[in-house]
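In: Following is a predicted model, sequence given first.
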Amino acid sequence: MTGRRDADAELRARLRRAAGAHEPDRARILARVERGMAAGDGGTGHPRPARALPGWARVAGATVAVAGVLVAGGSLAASTVGEDPPAPRSVAAPPEAREPGPREPGSREPGPLWSAGAVDPHSNEFWAQSNITLRTSAPLTALTVELRVAQTGSVTSTGAWRSLPEADFTFTAGERDGFLVYRWTLKPGRTVPAGEWMFAGQYNHERGGRDARGDRYSATATAASGRHSVEGGFTPREGG
């Protein structure tokens, strides 16, 4: 039995090597198959005389064996190199800078600036805050923002603030030509980065609702593309 197992193992090893060849030598495989068929023993440990077979049977059997080897080799190669390509992956494009919607109030001229003015919703019958929203799509190397609150009666400043660093600006507030004027000026050597920023002026006024239709704001800036400016009025607070 040992001799037969050895012969069978040798035959299988030879068939595997033949199947792995890129261009199998059919004549050599046919000869190896015939030799393997004749190498079996009868379980006695001695080679068994080969049974005489008609020539056509030997040729047919060997041909079938060779065909099986070639098919197995082709299947092995296909399983090795015929993997499906990975599914395509979609790549999201980076989001573009948001532009104001068609109903969003504000002022925009050609350039990087956009702005809007509104009376803060937390204003009350004695006190109010006017907000200026400034949006820039490019860094600014110079900027002046001015808020003009019309003197409608007892309008006096109670403070001001901005969302950018206080140390980057020079600030003044005072009455001029019938307005309470707040002004923020960017200091030399400072830069306003691209983004959305707020400037706000706070003030007392006579009791009751105040009409802000006479209030105005403006902003003048310098960017790499040149000098730009925006201006506008103020949207009243709800219920004001």
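Out: That came through fine.
In: Check which element follows the helix or strand bottoming out on mean pLDDT in the chain along the chain.
Out: Sorting the helices and strands of the chain by mean pLDDT, DSSP states H and E puts helix 55-81 at the bottom, at a mean of 40. For helix 55-81, the following helix or strand on the C-terminal side (DSSP states H and E) is strand 113-119.
In: helices or strands next to that following strand in the packing?
Out: strand 127-136, strand 216-223, strand 226-232 (3 or more Cβ pairs under 8 Å, 6 or more residues apart in numbering; DSSP states H and E). From N, CA and C alone the C-beta is placed, and that goes for glycine too.
In: same thing but 6 Å
Out: When contacts are defined as 3 or more Cβ pairs under 6 Å, 6 or more residues apart in numbering; DSSP states H and E, strand 113-119 packs onto strand 127-136, strand 226-232.
In: hey, C-alpha coordinates of the first one in PDB?
Out: Think strand 127-136. Taking Å, rounded to 0.1, in the frame of the first residue of the first chain, the C-alpha atoms of strand 127-136 are listed here in PDB:
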ATOM      1  CA  TRP A 127     -32.900 100.000  25.900                       C
ATOM      2  CA  ALA A 128     -31.800  98.600  22.600                       C
ATOM      3  CA  GLN A 129     -28.900  97.000  20.700                       C
ATOM      4  CA  SER A 130     -28.100  97.400  17.000                       C
ATOM      5  CA  ASN A 131     -26.200  94.500  15.400                       C
ATOM      6  CA  ILE A 132     -24.100  94.700  12.300                       C
ATOM      7  CA  THR A 133     -23.200  91.300  10.800                       C
ATOM      8  CA  LEU A 134     -20.200  91.400   8.500                       C
ATOM      9  CA  ARG A 135     -19.100  88.400   6.400                       C
ATOM     10  CA  THR A 136     -15.900  88.300   4.400                       C
END
